[in-house]
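Colleague: attaching a predicted model along with its sequence, questions to come.
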Amino acid sequence: MPGIANPQELAAYRTRAVQAQARFKGRVLVCATGCRALGALALSRGLRERIRAAGLDADFEVVETGCHGQCARAPLVLVEPQGYLYGPVKVEDLDEIVQATLVEGRPVERLCEPAGDHVWTTVEEIPFYRSQVREVFRDCGRVDPRSIDDAIAHGAYEAAARALTGMTPEEVIAEVTGAGLRGRGGAGFPAGVKWGICRKAAGGPKYLICNADEGDPGAFMDRALLEGVPHQILEGMLVAAYAIGASRGFIYVRAEYPIAVEHIGLAIEAARNLGLLGRDILGSGFDFDVEVRMGAGAFVCGEESALIASLEGHRGTPRPRPPFPAIQGYDASPTTINNVETLGNVPGIILKGQAHYAGIGTATSKGTKVFALAGKVRNTGLVEVPMGMTLRQIVFDIGGGIVEDRPFKAAQMGGPSGGCVPAQFLDLPIDYESVKEVGAIVGSGGLIVMDEDTCMVDMARFFMTFVQEESCGKCPPCRTGTRHLKDILTRICAGKGRESDLEELDRLSAEVKVSSLCGLGQTAPNPVLSTLQHFRAEFEAHIREHRCPAKTCQGLFRYEIEPHTCIGCGICARNCPARCITGDKKKPHLIDPDECIKCGLCFEKCPYKAIAKV
Amino acid sequence: MNAPHAAATSATTATATIDGRRIGAAGDATILEAALEAGIHIPHLCHDPRLAPTGACRLCLVEIEGQRGLHTSCTRRLEPGMVVRTRTEAIVASRRTTLELLLSEHCVDCLTCDRDGTCLLQDYAYEVQADRNRFPNVMLQPGQPNYATGNAAIEYDPSKCVRCQRCVRYCAEVQMAEALTMTGRGADVEVTTGFDIALNDSTCVLCGGCVGTCPTAALHDRQAKGLGREKDLEKVRTTCSYCGVGCQLDLNVNRRLNRVVRVTSEPGCVPNDGNLCVKGKYAIDFIHSPERLTTPLIKEEGAFREASWEEAIEVVGRRMSEIRDAHGPDAVAFLSSSRCTNEENYLMQKLARAAGRTNNIDQCATTCHAPTVAGLGQALGSGAMTNSIGEIEDVHTLFLIGANPTEAHPIVGMAMKRALRKGARLIVADPRVTWMAARADIHIKHRPGTDNMLVNAMMRHLLDRGLADLDFVRERCENFEAFRASLDEFTLERAAEVCGVDADLIGRAAEMYREGEPSAIFYTLGITEHTYGTDNVKNLANLAMLCGQIGKPSSGINPLRGQNNVQGACDMGAQHHSLPGYQKMADPAARARFQEAWGVPMPENVGGKCTDFFEQAGEGVVKGFYCFGEDPIRSEPNANQVIENIRKMDFIVCQDIFMTEIARLADVVLPATCFAEKDGTFTNTERRVQRVRKAVEPPGDAMADWRILCAVSTAMGYPMAYAHPSEIWDEMRSLAPLLGGITYARIEEEGLQWPCPDERHPGTPFLHAGRFTRGKGLFHVIGHELPAEVPDDDYPLILSTGRTLYNYNLGNMTRKTAAIEAKQPENFVEVHADDAAPLGLRDGGLVRVETRRGSLVVRAHVGRKVRRGALWMPWHYEESPTNILTMDAFDKETRTGEYKVCAARLLPHA
């Protein structure tokens, strides 16, 4: 394959790639990454067969893409140029899609997003997308992540060409600093400043590491980016490496992300083949290459010093800082570590300029942030919003509100290092500072929506269990402190809490934060502290009244059959393992509270929802 | 070495403040180090000055003014202007909680714990009055099988582990064995071996460094369990009695039991910085072995009977005197012991010369480093290690030839490991893939016995390339032109053929050695135990001089002495040709000095070496033999011939701690003491005189060797009496200017290195600064020779012998320790896979090794460790005495046996 030796050749290459695509009338874009588990590959295969059978293969191209974002409707199919977004799509729907949309050019309305009495047919109309500002995710779901030609047709490597051949490293750093891009992995440290420190650091060789060890439960934007737009991430690395003066880069990615590993591997190989990685890239004289290293799925390896230890072949445990990696990182050399989303933003900043990026967001938090919406919200999935958007806009306008329109209770933000934002802060503008003020963090963008059925004590216990399992065990506060926090929370959830437990939770949490070695331990008690701050009454109900207000903690509520709803079908009685439900046929049944083991089977099995938690 | 450096920087020292005190903050010291130095106490569990800081235990947290949060003082450098507080309310609260958390995962079992009183967790918990009831106990269950189960030396108890990782880090950073690792996550994390394999199957070398650095009782010496807590034990600082490194050990003595229960060592001590090897740490069981000799024995009608000291001494005195008087000075021979103290060696040579009236006095240097003493003596003027162990870590290019320090001199090996971690380059010339060879930048796996060819070709290459340091040669050396001319025939190509290695490798090794800033040569018996061993040594001196790599810190030529006091035994004049302090027996002034001091004329005969004694015994010349702490039957080559010769002697007396092979042949056996039972001094390989201190009472009637020697001398008509070994030392130093300035008082804390002529002299870390001891360094012309026996069709393989990490020489001390026997229970031969294949020999199979002198059936270790065509065997096993195979050919000059080369063959074991 002939290489691309300079920016002119890149432009020519892009022209050819665009021309090659122009011969199609349209593209059918099937999310084959996140939607794969729901049968997306059968859809793309089925579409190709039907298009061929219909003799349309010269007109329509089926592309397996990255994530479209609206995961609640997976698997998703997007038809260009109209922008019809269908989901969830089944193989049985394909004939109709081909006939109606590809042949006749009209939408299949039953597969579109319902909007009361009508439907939203195109992406532009759908509320989920309407309020989003897609900068880093612009091309995700639109390009073929396995094709460098498609990436270049969409503008990939233009930013790199501009940076490497038209800007000094200092100018690149100034541009990114001016844009106000802050680390998207959680800490929010200004990326340009980080680059500047590394650039100025003595010694070498210097290294760039892309941190793709995404570990927060529920967050998957980094996975989606690597799967969907791997060339964008590589390009971001290329620019960052040029800025700091690194000739070697690593992508540290979880082994549990096989599609991300595959796609980024293909991207690296393709970029190497075209000379976009390697020596004298685009004629700039700058050399850079990247290798992928797979992590074994330890949460702590997202912490940069533990990540470096793991990369060096050691057990992934953190080291005290200073020295910071920018001064003494991989192999004791100056090293920059950026998160995937951070790097994904870089090409856009170079191409559109710092002013464009800085024009989005708030005074201190610029640009957009991707959130992984999860929990009790309708539109679960990945959303990219400008910094400063309120939680209400995210949860209700984009997220479509709570499932079954139950009341919003809180949003857990920032994963195990974060906290919860209760309902009274729904109009809080989401940026680094304001979220921190109410006891949570933006973090890497995990956003779990909770309704009244979520027990906050149980939620804190869940995160403490997670942290305890993921603590590397190096320092006592994190290793053992979180163990005792977990044990106390478990005890409270079991109704065996003591009055002194609340005091100990407060005290031990504070001490674990102040004494722990790395970010994991220093933030581990946050879910406890923030729930204590906002939902202390729930803790007290568990401890003093042995009652779980959310009726989540087994044993702290009773099951009762509502006589008016029960029709006496007997399903509950047949399923009861304790045989404590009695009643005559077609007469309301009764649970013997003394015998009930509170397993909840009757509650699940009752077809008439006649069983209540009280 | 450190003092001038510190003084130079102190003038410009900037200061910081810790707890309101102004502290110098110039160097690289961390806050913790600076605070401890200043006497400010900061608790710390994971800090060990030998390890890179890791910040794990969170106890040393401090506040730094102007910086948010708390900081680990062990990882932060104390910077000028810093204001540090070490015990604010917040810090103490954090510390108390951290300790309470540690207690909650700890088996708080102080009542029955060996570490009661030395446990840091206990100390700190007491200090902050930690509440052990604040958290429920969640410790990992004690007594669960773990990786160390089945190992007789080291036991790990996770219920007492604070997860400070000192053991893991020590194993990786200091020992570089990487046998230990952490496993698990969260509260379940614990120490184990890689893949949880048994410790003995791992890369563990049983150095016990993990036990030594453990701040609690999580790792402990299994054998010491229940034998004493801190308050029951007394630590007696002494010098290790195995190899020549001279490690400082603390014998932990339970006085009530009269027993050494364990060995420890303090970080910071010279030369070993608290590090030990398996022998120093664990091979102490021999001290209290039931096999110890406890009473004098006299042989009557072929059998020993117990005797009183008076009777035994009378017999020895009478019989030795009779032989001396009847047959003259050449008929009696005295073999001194380099395992024993300087004072005893001094007395032994005095006994030989003043009472025996003979120069037939020798010790085991003849078996090992006599070529060093001769070769370096002639070339440089001083036959000893030129540099100190402490200088090794700053060597830039290490050149090891015929040396396997990680096994034979493990603490020197550790110093070299430190150098490697600092980035040193490493050249190893060795026919075997030793630990160092496997990590070398260049490994020359040359044919055994071809060292001179190799070194000559290296030197010619450097001269050809114009790389020699001719300025140094002109200024400091002589006989260069003749030497240069002699190198003509030694091309790289010819060397490549003779040595069996790539020519390019030899050239690159030469250049790398030359370019080192600085470089140092290290060698041991791979160089000396040849028929041209002295030539080998001289040639290494040639190389060092040619490159100007000598006479500087961390640069020189360093023979690593094999036995704890072989340096001292030579220094004390236990050699036929020299008096104490290397004063020549032939020098009339020296003779006069000793004659006056001792009040007897100096012997007139020339005397011989121990190898001569046995040959002369065979010829009927030597008839009376005093054998002190040696077993030539096991240690001399061609052992069967040695036995035959020894049987011809009229009278043999053995003074030893065990019934050795030669003791069985003796007429009188005198029960002696080991190093733990007497006072004195040893001199280590770096010429450092160090104290040996009595820790326990000897078993039965065993008597301190110096007392025995005095009694025998008196019985032979030359009365000797001293109240204490220090009196012997003072007599010796009054006669030997080399050691004149070293006194017991001066070496109470730390040993001194000779030359040390007067009591104000600070000792000499490295030799030949500015000028060589002999004036000009003398280049020797060294040709190429072949070993006495080379492979042929009948015996196609080359057999070399040596020692291993786990056992020491005869093995009669080390093999008393069960952990060592479990690790290395039997003799073996290393065979190259290609040589094993034709015999169908598999790793672990039995094979017969045969030479022209004998044959043994041993287990085969098949692999690629040895060269194709080469065999290697240790000689530690009484039941399988390797030296019945070796060749009784000797170095031309020093009569050292050629243990490193003889022709051998392998036969299938039927």
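Modeller: Right, received. Where do you want to start?
Colleague: shaky segments in the chain?
Modeller: You didn't say which chain, so I picked chain A. Scanning chain A for pLDDT under 70 picks out A:1-2.
Colleague: my bad, the chain I had in mind was chain B
Modeller: In chain B, residues with pLDDT under 70: B:1-13, B:142-150.
Colleague: and the residue of it nearest chain A?
Modeller: Nearest residue of chain B to chain A: B:Val189, at 2.8 Å (C-beta to the nearest C-beta). Where you see a C-beta, it was placed from the backbone N, CA and C, and this is true even at glycine.
Colleague: contacts only, for the closest residue to chain B within chain A.
Modeller: As assessed by C-beta to the nearest C-beta, chain B sits closest to A:Gly473 within chain A, at 2.8 Å. By C-beta atoms under 8 Å, 6 or more residues apart in numbering or on different chains, the contact list for A:Gly473 reads A:479, B:163, B:182, B:184-189.
Colleague: quick one: the residue of chain B closest to chain A from A:Lys474, how far?
Modeller: 8 Å (C-beta to C-beta, to the nearest Å).
Colleague: ok, and the closest non-adjacent residue to B:Pro719?
Modeller: Leaving aside its sequence neighbours, B:Pro719 sits nearest to B:Ser713 (C-beta to C-beta, 6 or more residues apart in numbering or on different chains; 7.1 Å).
Colleague: that neighbour against B:Leu347, yeah?
Modeller: Yes: applying C-beta atoms under 8 Å, one finds B:Ser713 in contact with B:Leu347, separated by 7.5 Å.
Colleague: between these two, which contacts overlap?
Modeller: Applying C-beta under 8 Å, 6+ apart, one finds that B:Ser713 and B:Leu347 are jointly contacted by B:Met720.
Colleague: what about those two, which has more around it?
Modeller: Per other C-beta atoms under 10 Å in any protein chain shown, whichever of B:Ser713 and B:Leu347 has more neighbours is B:Leu347, with 31 against 23.
Colleague: so what's residue 344 up against?
Modeller: No chain was given, so I picked chain A. A:136, A:225, A:229, A:232-233, A:236.
Colleague: wait, I meant chain B there
Modeller: Per C-beta under 8 Å, 6+ apart, neighbours of B:Glu344: B:336-337, B:628, B:680, B:705-706, B:709.
Colleague: what do you get for A:Val119?
Modeller: Counting by C-beta under 8 Å, 6+ apart, A:Val119 has contacts A:107, A:109, A:112-113.
Colleague: list only buried entries from the residues you listed.
Modeller: For the contacts of A:Val119, burial is judged from neighbour counts taken by 16 or more other C-beta atoms under 10 Å in any protein chain shown, and it is met by A:107, A:112-113.
Colleague: of those residues, which belong to strands?
Modeller: A:Glu113 (DSSP state E).
Colleague: ok so, going back, looking at B:Val189 and A:Lys474, which one has more neighbours?
Modeller: Applying other C-beta under 10 Å to B:Val189 and A:Lys474 shows that A:Lys474 carries more neighbours, namely 29 against 24.
Colleague: possible to save the contacts of A:Gly473 as a markdown table with distance to A:Ala53 and secondary structure?
Modeller: Formatted as a markdown table, the contacts of A:Gly473 follow (distance: C-beta to C-beta, whole Å; DSSP: H, G, I helix; E, B strand; the rest coil):
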| residue | distance to A:Ala53 | secondary structure |
| --- | --- | --- |
| A:Arg479 | 61 | helix |
| B:Arg163 | 65 | coil |
| B:Met182 | 60 | strand |
| B:Gly184 | 57 | coil |
| B:Arg185 | 53 | coil |
| B:Gly186 | 56 | helix |
| B:Ala187 | 60 | helix |
| B:Asp188 | 58 | helix |
| B:Val189 | 59 | coil |
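Colleague: show me which helix runs longest in chain B.
Modeller: Scanning chain B for the longest helix, with DSSP state H as the assignment, gives helix B:309-327.
Colleague: by contact count, what packs against that one?
Modeller: Other elements packing on helix B:309-327 under the criterion 3 or more C-beta pairs under 8 Å, 6 or more residues apart in numbering or on different chains; DSSP states H and E are strand B:297-300, strand B:332-335, strand B:624-628, strand B:651-656, strand B:668-671, helix B:705-715.
Colleague: return the most buried member of these.
Modeller: Neighbour counts averaged per stretch over the helices and strands packed on helix B:309-327 are highest for strand B:332-335, at a mean of 30; criterion: mean count of other C-beta atoms under 10 Å in any protein chain shown.
Colleague: for that strand, name the packing helices and strands.
Modeller: helix B:309-327, strand B:361-362, helix B:610-618, strand B:624-628.
Colleague: contacts for the first one next, please.
Modeller: So that's helix B:309-327. Against helix B:309-327 from outside (C-beta under 8 Å, 6+ apart): B:296-298, B:307, B:331-332, B:356-358, B:623-624, B:626, B:650-651, B:653, B:667-668, B:670, B:701, B:703, B:708, B:711-712, B:714-717.
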